[in-house]
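Colleague: next come a sequence and a model predicted from it.
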Amino acid sequence: MISGIFIDWKGRFAIMSKLIVCLTGMPGAGKTTIAEALKSKGFEKITMGDAVRAEAIRRKLEPNGENLGKLMLELREKNGQGAVAELIKDQIANSKSNVVIIDGVRSIAEVEVLKKFGTVKILAIHASAQTRFGFLSGRGRLDAPVDRKDFAKRDSREMGVGMSESIALADETISNNSLTIPQLIDAAYNIIKGWMK
């Protein structure tokens, strides 16, 4: 996918493709915090979970954790493991930004879909279960876990759709157990700046 034309150092026209940064990691690790903050750098943010939430609303389902989880699995079963990435492909293709941050990539099959639209890099965010449960409980969304059992069930579902593979194959990883929010954002931004060179 062409996202811009520039003049190279020899004065020739060259094509610049989009850099698609796939944020992956278990729920509550800090992906959304990074993606939201990096919008101020001129990057576009696209959230995979929002695509599933929009599909739930279209089907007149309450967008709670249980319904969204079932819908995500149904979409993958019916349309393949890259199904959720297929839901956002028009947003990527129509983006005016040369850097698109994809919040919530869960599988390598999704990464393969995204490779059709630019250069893809995977940034994994790690955090302990205790840290993540605290983050999720505090953000007040309808799909937040109600208790530790619900949290463990959600983790299991995420692992079942290939999350461990996308984390294992990440180009870079950030550990978010003791970082402040500004430190987390700076770490991600510095990695992405390196990929833009």
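Modeller: Sure, I can see it. Quantities reported herein were computed from a predicted structural model and do not represent experimental measurements.
Colleague: and for residue 128, nearest residue in space, chain neighbours not counted?
Modeller: Closest residue to residue 128 apart from its sequence neighbours, by CB to CB, 6 or more residues apart in numbering: residue 177 at 5.5 Å. Using the backbone N, CA and C atoms, a C-beta is placed for each residue, glycine as well.
Colleague: so what's that neighbour scoring on pLDDT?
Modeller: What the model reports as pLDDT for residue 177 is 94.
Colleague: now residue 111
Modeller: 95.
Colleague: now the host helix or strand of it: buried residues?
Modeller: Assessed by DSSP states H and E, residue 111 sits inside helix 108-114. By neighbour count with 16 or more other CB atoms under 10 Å, helix 108-114 contains the buried residues 108-111, 113-114.
Colleague: could you dump those residues into a markdown table with distance to residue 71 added?
Modeller: A markdown table is the format used below for those (distance: CB to CB, whole Å):
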| residue | distance to residue 71 |
| --- | --- |
| 108 | 21 |
| 109 | 17 |
| 110 | 16 |
| 111 | 21 |
| 113 | 18 |
| 114 | 20 |
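Colleague: quick revisit: what packs against the helix holding residue 111?
Modeller: Packing partners of helix 108-114 (3 or more CB pairs under 8 Å, 6 or more residues apart in numbering; DSSP states H and E): strand 19-24, helix 83-93, strand 119-126, helix 163-168.
Colleague: of those, which approaches residue 104 most closely?
Modeller: The minimum distance between residue 104 and the helices and strands packed on helix 108-114 falls on strand 19-24, with 6.8 Å, by CB to CB.
Colleague: could you give the angle of that closest one to helix 83-93?
Modeller: If you take axes from the mean of the first three to the mean of the last three CA atoms, to 10 degrees, strand 19-24 sits at 150 degrees to helix 83-93.
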